[in-house]
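Undergrad: Kindly generate the corresponding structure for this input.
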Amino acid sequence: MNKIKIAVLGSTKGTDFPAVFNALKDYNKAEISVVISDKIDSGILEKAKEKKLEALFIDPNNFNSREEFDAKILEELNKRKINLIVLIGYMKLITEKLLNAFENKIINVHPSLLPSFPGMNLSVHKEVLNHGCKTSGVTIFFVDKGKDSGPIILQKSIEVSENESVESLKEKIQKIEQEIYPKAIKLYCENKLKIEGRKVKIME
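TA: You can find the predicted model right below:
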């Protein structure tokens, strides 16, 4: 059986990348074929090079629109016969060009219990704390045409302590991201995820 070929897209440090890489390193159903970034100095490209993976920078400034940029990404994915896209700190919204080509084949991680607190990075944790939430957590989901609105694969919650700071909450959240993101990717690769409308059923 051919392995599922995964492309990782990222813009930032790629904090979750080592956990995903390690989970798939000796996995017989999938492999990371390429890591692509829109930032030349992103930590995720450095991490990919350290792991001897193909690390590809695509400069968004070379394109007239987000659609053109995504068309270039799609071209690179097709060259490598990619089956699944995994987003790790990817800071660009994905256009229909890529979404249509990889429908229900793009997985993302979000640092809150969606649909509560969509958005990006530290602003999410700040909102959680400003609302006095007693719990927060992580959501792994399929990317759709909305913003952080796709069908949810896995969620895990943590308690928010009385004296929580944005930084301490971020740290707690990243730990569970690294625990459940590889799990969700493996469920996909083992064909155990069935999308029914807005729901994702996990098949035994």
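
Undergrad: pretty sure residue 24 is in a strand, no?
TA: No - using DSSP: H, G, I helix; E, B strand; the rest coil, the assignment for residue 24 is helix, not a strand.

Undergrad: looking at it, it is touching residue 181, isn't it?
TA: No - using Cβ atoms under 8 Å, residue 24 is not in contact with residue 181, being 10.9 Å away. All C-beta atoms are positioned from the backbone trio N, CA, C, and that covers glycine.

Undergrad: The two: who's more crowded?
TA: residue 181 (24 against 21; other Cβ atoms under 10 Å).

Undergrad: Now find how far off-centre whichever strand or helix holds that one is within its chain.
TA: Using DSSP states H and E, residue 181 maps to helix 166-189. Distance of helix 166-189 from its chain centroid, counting by Cα atoms, centre = their mean, to the nearest Å, is 10 Å.

Undergrad: Not counting the very next helix or strand once past that helix itself, show me its contacts.
TA: Proceeding N to C from helix 166-189, the next assigned helix or strand is strand 193-196, under DSSP H and E. The contact list for strand 193-196 (Cβ atoms under 8 Å, 6 or more residues apart in numbering) reads 104, 142, 151, 153, 187, 200, 201, 202, 203.

Undergrad: rewinding a little: buried sites along the helix holding residue 181?
TA: Using 16 or more other Cβ atoms under 10 Å as the test for burial, helix 166-189 gives 166, 169-170, 172-174, 176-178, 180-182, 184-185, 187-189.
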